[in-house]
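**Q** Here's a sequence, model it:
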Amino acid sequence: MKKLFALFAATFIAASAFAGEFPDISIADLKKAIADKKVTVIDVMGTKSYKDKHVPGAIDFAAVKADLAKSLPADKNALVVAYCGGPSCKAYQAAANAAEKLGYKNIKHLSAGISGWVSAGEKTEKAN
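**A** Residues are numbered from 1 along each chain as shown. The predicted structure is shown next:
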């Protein structure tokens, strides 16, 4: 019984450590940060999806991940927001973790994703 409890506790702690690692940002707060030019937004949906539609001003993680540092601001405390498809999508973590490894401290997750952004009636951009 003790082993079972220890396994359960270890699993719970590990899951807690990875769940919600990056705080969420609301669509309204992200929209304001974009308008104020105080955010770097990273789209993790893949280049094909990025070309079709993305949050205005977002960068295509697939295209820049090899040298992400060039696409991020010099200020390591600047707001960086990563997103993917929606609330159940975890692909955003690749970009968020990459930014964190580069030393960025203010990384957030748009958990609503592109699906929530579109559902909220927000504008998107297309890429060439």
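**Q** quick one: low-confidence ranges for the protein?
**A** For the chain, applying pLDDT under 70 flags the ranges 1-20.
**Q** Centre-most residue in it?
**A** residue 82 (1.8 Å; CA atoms, centre = their mean).
**Q** is it in a bridge, and if so with what?
**A** The residues paired with residue 82 through beta bridges, assigned by DSSP bridges, are residue 42, residue 109.
**Q** what sits against it?
**A** If you count contacts by CB atoms under 8 Å, 6 or more residues apart in numbering, residue 82 has them with 22, 41-42, 44, 61, 92-93, 95-96, 99, 107-110. C-beta here means a position set from N, CA and C on the backbone, and glycine is covered the same way.
**Q** Need those in JSON lines (columns: distance to residue 117 and neighbour count).
**A** As requested, the contacts of residue 82 are arranged in JSON lines below (distance: CB to CB, whole Å; neighbours: other CB atoms under 10 Å):
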{"residue": "22", "distance to residue 117": "17", "neighbour count": "20"}
{"residue": "41", "distance to residue 117": "10", "neighbour count": "22"}
{"residue": "42", "distance to residue 117": "14", "neighbour count": "29"}
{"residue": "44", "distance to residue 117": "13", "neighbour count": "26"}
{"residue": "61", "distance to residue 117": "16", "neighbour count": "26"}
{"residue": "92", "distance to residue 117": "13", "neighbour count": "25"}
{"residue": "93", "distance to residue 117": "18", "neighbour count": "17"}
{"residue": "95", "distance to residue 117": "16", "neighbour count": "27"}
{"residue": "96", "distance to residue 117": "17", "neighbour count": "23"}
{"residue": "99", "distance to residue 117": "20", "neighbour count": "26"}
{"residue": "107", "distance to residue 117": "18", "neighbour count": "23"}
{"residue": "108", "distance to residue 117": "14", "neighbour count": "22"}
{"residue": "109", "distance to residue 117": "13", "neighbour count": "22"}
{"residue": "110", "distance to residue 117": "7", "neighbour count": "25"}
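**Q** Next, format these as TSV and append distance to residue 126.
**A** Conversion of the contacts of residue 82 to TSV gives the following (distance: CB to CB, whole Å):
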residue	distance to residue 126
22	27
41	15
42	17
44	17
61	17
92	21
93	26
95	20
96	24
99	25
107	26
108	24
109	24
110	19
